[in-house]
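> Please work out how this folds:
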Amino acid sequence: MRCAMQIFEDIAASEVHAEASVESAPAEIPPLYGSCLSIRTEKCIHLQQLTNVLPKDYHPFYDSLKHSCISEKRPQLLDSL
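Predicted structure coming up:
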C-alpha cells in the first residue's frame, strides 16, 4: 500500500508535467475549416422554430446560418413540416 507522501509526490509530478505541456502548446492554432460549415435542413427548421420564443435581437443570427437546403427562404422551410 502506498503512503500518502508518495501519492502527494505523484500528484505534484503530474501537475508539473501538465504545466510543461501547456507551455509547449502553439501560440496560435490555425482554423480547421476555411468557412462555416452548413447545418442539416432539419436542424435549420428546428432552430427557426425556436425563433418564435426568442427575442427578435437574436433572429438575424439564426437567419444567417448556412444550411444544406437549396432554398434561401426560411419561412418555406417551416411550411414543409
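> which residues of this structure score low on pLDDT?
Along the chain, the parts satisfying pLDDT under 70 run over 1-5, 7-8, 13-23, 69-81.
> ranges for the helices of it?
4-23, 41-50, 59-63, 74-79 (DSSP state H).
> Mind giving me the packing neighbours of the third one?
Counting contacts by 3 or more Cβ pairs under 8 Å, 6 or more residues apart in numbering; DSSP states H and E, helix 59-63 is packed against helix 41-50. C-beta here means a position set from N, CA and C on the backbone, and glycine is covered the same way.
> What are the buried residues along the helix it packs on?
44-45, 47-48 (16 or more other Cβ atoms under 10 Å).
> any chance of the residues you listed in CSV, with distance to Gln6 too?
Shown next, in CSV, are the buried residues of helix 41-50 (distance: Cβ to Cβ, whole Å):
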residue, distance to Gln6
Cys44, 56
Ile45, 58
Leu47, 53
Gln48, 58
